[in-house]
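# Attaching a predicted model along with its sequence, questions to come.
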Amino acid sequence: MAKRYLILEDGSAYAGEGFGAGATTSGEVIFNLNLLGYQETITDQIYHNQIIIFAQPAIGNVGINHDSYESILPTAKGMVVRDLTNISTNRLSRLSLDEFLRQHNIPGISGIDTRHLIRKLRQAGPMKGSIVDVADAHAFDQLNATVLTNRQVDQVATPKPYPNPDAGKNVVVIDFGLKHGILRQLSERRCNVTVLPWTATAQDVLNLDPDGVLLSTGPGSPLDLGTDVLDMIRQVQAEIPLFAIGLGHELFALANGAELVALPVEYHGSSHPIRRIITNDVLYATQGQGYAVVAKSIDRDRLITTYVDLIDGTVQGLRHRDFPAFSVQFFADGAPGPHESRDLFDEFMEAMTAREG
Amino acid sequence: MQNWDQIQKVLIIGSGPTEIGHETELDSATVQILTEFKKRGVRTLVIDNNPFSVALEEIQPTNMYVQAVTTANVRHIIEKDRPDAILPILGGLRGLRIAQELQENGDLGRYEVGVLGMPTTTLQQINNPAALNDTLKEIHEPVIEAQVVQTDDEALGLVETIGFPLIVKPVAPRVDTNRTICENVDEMLTALNQGFQQSRFDQCTLERSVVGYKEIEMVAIRDRADTELIISGLEDVDPIGIHSGDSIVITPPQTLTDREYQDLRDATFRIATELNVVGVLHVHFALNPANQHFYVTKVAPYFTRGVTLAARTVGYPVTMVAGQLLLGQRLVDVKLPAQYVKQTAIMEPTNDHISVRIPLWPFQEVPDADQHLNTAMKAVGSTVGIGRSVEEAMLKSVRSSQFSPRDVLPSVSNLTDSEMVSQLIHPLANRILVLIEALRRGYSPAELSELTKIDPFYFVKLRHLLTIERQITDHPMDVDMLKTARYYGFGDGMIARMWQTDTTAIRHLSRGAKVAPTYKMIEPTAGEFPEQTSGYYSTFEYENESQALGERTALVLGRGGNQLGPNSAAEYFTTEMLKQLKRAGYHTILMNTNPNAVGVAPEFSDKQYVDPIQLGDILNVIHVEHPDIVIVPGNRHYLTRELKKLDLNLHVLPPDQETKDHLPEMATIGVSLFVHEQQKIAVGVMDLIAPGMTQKMAQITAFRMPADLTKAQRLNLVEWAKQAVSERQVRGMVQVLFAPSPDSKQMVCVGTRPTRLTEMAFLSKVTGVNWVRMLTRQHIETLDANELATIEIDVNSTRVALMNAVFPFRHLHVLNRPGTTDQEVGATIAFGSSEALKLNNLSDTAELDRIINRTI
């Protein structure tokens, strides 16, 4: 394999071996601390335009599996790993991680001291980076001149509505960069799903006469999405049970008057205990966030905090006082990561049933 | 329900001697639990009869019951001392059984004694597999059920639901029989035919065979408020069919998808909640690699080898936390020490390194044992390798498992092809070497996986190592290749052999090219927080995280994995020495690869390196730490010789036996003296007992003190012994040997030797003076002659002590016989009057066992 480099905007360069596509890419460099689930991670659209450093040193061990996609077309900008295994466990096509990345034009680099990088990024905060063939002045100039897009949601979310039919509750999913785990949880509960583009208006949603509305996960900053979407949320939540996850949660908070703050460093992992305030018990879930709701900004007449991260104190869940609308920052679908927060989908089902009754 | 606030006195049911199945890990956990209980003001009593127990050194004599761990003895202590609760989970399954018996016969109720760790209903289930299966079925956890059949037709009716392969076992067989694995109807009918004949009731059981499935273990902790977290998953590289204690284990699991892992995590939590476990839980699963279905195969709500491995490799203080949970603390309230930045126990550990544990078997010392690996555990120890790739971790653990500081792997290239195929299917102890040899001969990962049921992933990794090895061999003395070799975990000795040179040349090349290891911290957040935990491992990357510990440092080289011989005594010795060094103001650094060692606990050493105890790795650590002294506990001649060539302040303790006198063939009495400058302290006069009646030195495996002599005779021998050592250049703890002369039957002095580690432990336990400390202080020159002079020991004490070695023969299914010192796995100790510990027939091992394990 060819020698390639990961370069960072602070001027540092790390030599490693290229795998996947030979493309030169730039993106925001973030790290993921999950123990397993590299396929779910690399295919999750929240990583759009990002270069992901994996803390788990051995990556690629279980190849690419048909049931571990969080989207079919991954759009991350690269994978940085300590050690790559090229193995295929796919039943039909012999697809290894290396081949998969090649097919999707995503470069990877292995043989990197990923622990060092994670320790460094924890201190230094967000950084741009590139995976390049030559780490010369030109490469750094290119990197420094790169302006990262703030239109991530537009680039990954569906532009057109589509159905995921079943016989149960009518659920409208607003797609900001939807991960498949959400659809799987709704399917398991027999929901008849219609996925709408994130630009849908309240009227578009209400026309479908849904039993419930789900605001999906997605990449980037919620502050870049304008105010129309907030209007939509405000109108919909007053009419129909609403459940929001990840980026959806951040938008739900904004729509109800709360403020957001950019975290000094993005957190992607599943080891933080999350306290469910009402029962006072603790659960774990995959978290992936660059923003958090500012606790002090929450209008207590409108919103109640339902979940909190016990490590960094961030708000992890909200519920509306007047409407059956609630949200969580963490990924309740558990793909990858712990499953214990999946009962939130049951809560959503109950909210829909209660509305009927 | 437990009344948590009223627990002020707890009795710990100890683990007893080291045996196959458990070694020093339970002692290590006991020490840490004692520390936690003490912090919370709980008075802790311990019953144990392991003379090499470090835990027994940590408590007041009034809280210590040196007795055989039996139900009757535990009941006596409860009657006498009235603890508020007993803690059975440090005593393995026996601890749980004793607790259950006390519950059933009403003692716990009568004396209002609680059980820590689980409710009594769970105790019963753990002791009754059928009841446990019923509970697991109720919560929809899949278990393997045995169905009883009486006719072929009944069996044929069940085939559909059970599926092949299945296992046929006779019910209540008249003869000692095995289970038969059947692949088809014909095989089943043959097995049934035979089984019905062997059964007293003409019955057989049928059950699904999960042989060949993956074995995955999960280690969790839980508090009384039902907060749970997974410490670690462990993957057995060998499939079901080989005992997990005999399997290579890797953590975190490498060949599971996230979904498979999370399903097992969910199941573990459901089981912990259902059984209401407080503290630790270790669950084994059989996972069908073809369809992701799993079965629960073992539920262990107590301290195990797996719990210890998880704790050591993950860097999470499991035992410390469990100690608080056991007393009713909630996980959210448990505060970790300041080394953990967030100081919270409730973050689920995650790692950025890989650990591989390789078992060590006793077949060199017990060559007549069946060396095939199967469902009965045979390993006596294990060694762990940590790295940043599977290759590196694997190679480091294999290197450590060879017990040669020369760092080369033995060759199995002389196997014939048919021998090799046979060993692939019926694995022996050297399995990993055979797997590598098979790859060398061109077997593909798919073929090997078919033969061994090991995931092909591991063969891909091993084959990669062979590719690297070939590249290294082809480029002698090439600096880039040296870096590659190091990166994948090859040791100096291996590289030197490939390049047909010596290790000095390799080290020279490394120094010139500045190829130095980068040490990484073993911590539970995978770099998220700047933890300051004390464990490190080496790898060859960009950033080194280990800085010299500072002034006045002592590096102690651990023994590596447990083997037969004086190893658990050596562990005791090493730990006591570390304690003394610390007391003397040294910062202590321990190198060890034994995950079960007591000394690796942060209580006993300031810093730990989990790296092979091999010359190159030792020199690398010395290069970082520049220790003021380097201590080698016990005799390791090659290592000592090589280290002596370097400019180090090196101490071998006890002093090297290479300089010993010519030893006699036999002896019956040993007089122990502690020699310091001009002083000779009489420590004791003991009977040296060789249960085979030969009195050959290697067969002296039992000791009684004071020796069965008159007072005058003992004093006489002491004087004689003092005279004998005056003529020799000796210091420290020595044993002067006596034997009756063949003609006159008078005692004659037949030689002297440095006191063995086992006897050093015995002498400390019996005299109440910690002789390991004395010896250590002598070497670091802090031993005060005046203080020494005040030690008074009565060699004519009326309290008699007896220590007897434990051998692994029963576990290995070989004939019981008088063992030799290098076959010892552990020992038991008892105290009593000379009448109680009187031996009528020294050659009767059964009598010896009975006397030492009696109820007091």
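Great, that's in hand.
# pull the longest strand from the chain.
Looking at chain A here, since you left the chain open. Counting residues, the longest strand in chain A under DSSP state E turns out to be strand A:260-269.
# looking at chain B here, not the other one
strand B:679-689.
# what's the longest strand of chain A packed up against?
Judged by 3 or more CB pairs under 8 Å, 6 or more residues apart in numbering or on different chains; DSSP states H and E, strand A:260-269 is in contact with strand A:25-32, helix A:247-255, strand A:287-293. C-beta here means a position set from N, CA and C on the backbone, and glycine is covered the same way.
# which one of these lies closest to residue B:808?
strand A:25-32 (45.9 Å; CB to CB).
# from the chain's centre, how far out does whichever helix or strand comes after the longest strand of chain B sit?
Downstream of strand B:679-689, the next assigned helix or strand under DSSP states H and E is strand B:702-705. Centroid separation between strand B:702-705 and its chain, computed with CA atoms, centre = their mean, to the nearest Å, is 25 Å.
# Quick check: neighbours of strand B:702-705 in the sheet, parallel or antiparallel?
strand B:679-689 (antiparallel), strand B:800-806 (antiparallel) (DSSP bridges).
# thinking again about what came up before, what residues sit buried inside the longest strand of chain B?
In terms of neighbour count (16 or more other CB atoms under 10 Å in any protein chain shown), strand B:679-689 has its buried residues at B:680, B:681, B:682, B:683, B:684, B:685, B:686, B:687, B:688, B:689.
# swap in stretch B:473-482?
Quick answer for stretch B:473-482 (16+ other CB under 10 Å): B:475, B:478, B:481, B:482.
# Which members of those are the farthest-apart pair?
Longest span within the buried residues of stretch B:473-482, CB to CB: B:475 and B:482, 9.0 Å.
# Could you list the domains of the chain?
Chain wasn't specified; assuming chain A. A:3-148, A:153-356 (automatic domain parsing).
# You answered for a different chain; I wanted chain B.
Split by automatic domain parsing, chain B gives B:4-116, B:133-141+B:211-349, B:147-208, B:546-658, B:663-852.
# what about the first one, start to end distance?
End-to-end distance of domain B:4-116 (CA to CA, to the nearest Å): 10 Å.
# Tell me how far it lies from the chain's centre.
20 Å.
# The shortest one too?
Using CA atoms, centre = their mean, we find the averaged C-alpha position of domain B:147-208 to lie 37 Å away from the chain's own average C-alpha position.
# model confidence over it, on average?
Average pLDDT, domain B:147-208: 89.
# quick one on the thing from earlier: nearest to chain A, of the buried residues of strand B:679-689?
Closest approach between those and chain A, by CB to the nearest CB: residue B:683, at 50.5 Å.
# residues touching residue A:122, list them.
A:265, B:527, B:528, B:529, B:530 (CB atoms under 8 Å, 6 or more residues apart in numbering or on different chains).
# any low-confidence regions in chain A?
Along chain A, segments meeting pLDDT under 70 span A:1, A:90-92, A:357.
# Tally up the residues packed near the residue of the stretch 201-350 of chain A found nearest chain B, please.
Residue nearest to chain B within the stretch 201-350 of chain A (CB to the nearest CB): residue A:336, separated by 3.9 Å. By the measure other CB atoms under 10 Å in any protein chain shown, the count of residues near residue A:336 is 26.
# would you say it is within a strand?
No - Residue A:336 is assigned coil when assessed by DSSP: H, G, I helix; E, B strand; the rest coil, not a strand.
# picking that back up, out of the helices and strands packed on strand A:260-269, which is closest to residue B:755?
strand A:25-32 (54.4 Å).
# Give me the helices and strands touching that closest one, please.
strand A:50-54, strand A:78-80, helix A:114-124, strand A:127-132, strand A:260-269.
# And residue B:841, what's its pLDDT?
For residue B:841, pLDDT reads 77.
# Quick one: residues contacting it.
Residue B:841 neighbours (CB under 8 Å, 6+ apart): residue B:847.
# again, but for the one 3 residues further on
Residues near residue B:844 by CB under 8 Å, 6+ apart: residue B:691.
# give me that answer again for 7 Å
Contacts for residue B:844 were tallied using CB atoms under 7 Å, 6 or more residues apart in numbering or on different chains; there are none.
# And residue B:108, by the same measure?
Counted by CB under 7 Å, 6+ apart, residue B:108 has contacts B:102, B:115.
# Recalculate using a threshold of 10 Å.
B:75, B:78, B:85, B:86, B:99, B:100, B:101, B:102, B:114, B:115, B:120, B:123 (CB atoms under 10 Å, 6 or more residues apart in numbering or on different chains).
# for it, phi and psi?
phi -60, psi -40 (degrees, to the nearest 10).
# And the one 5 residues further on, by the same measure?
Geometry field for residue B:113 lists phi and psi as phi -110, psi 130, criterion degrees, to the nearest 10.
# now swap in residue B:145 and tell me
Torsion angles, degrees, to the nearest 10, at residue B:145: phi -110, psi 140.
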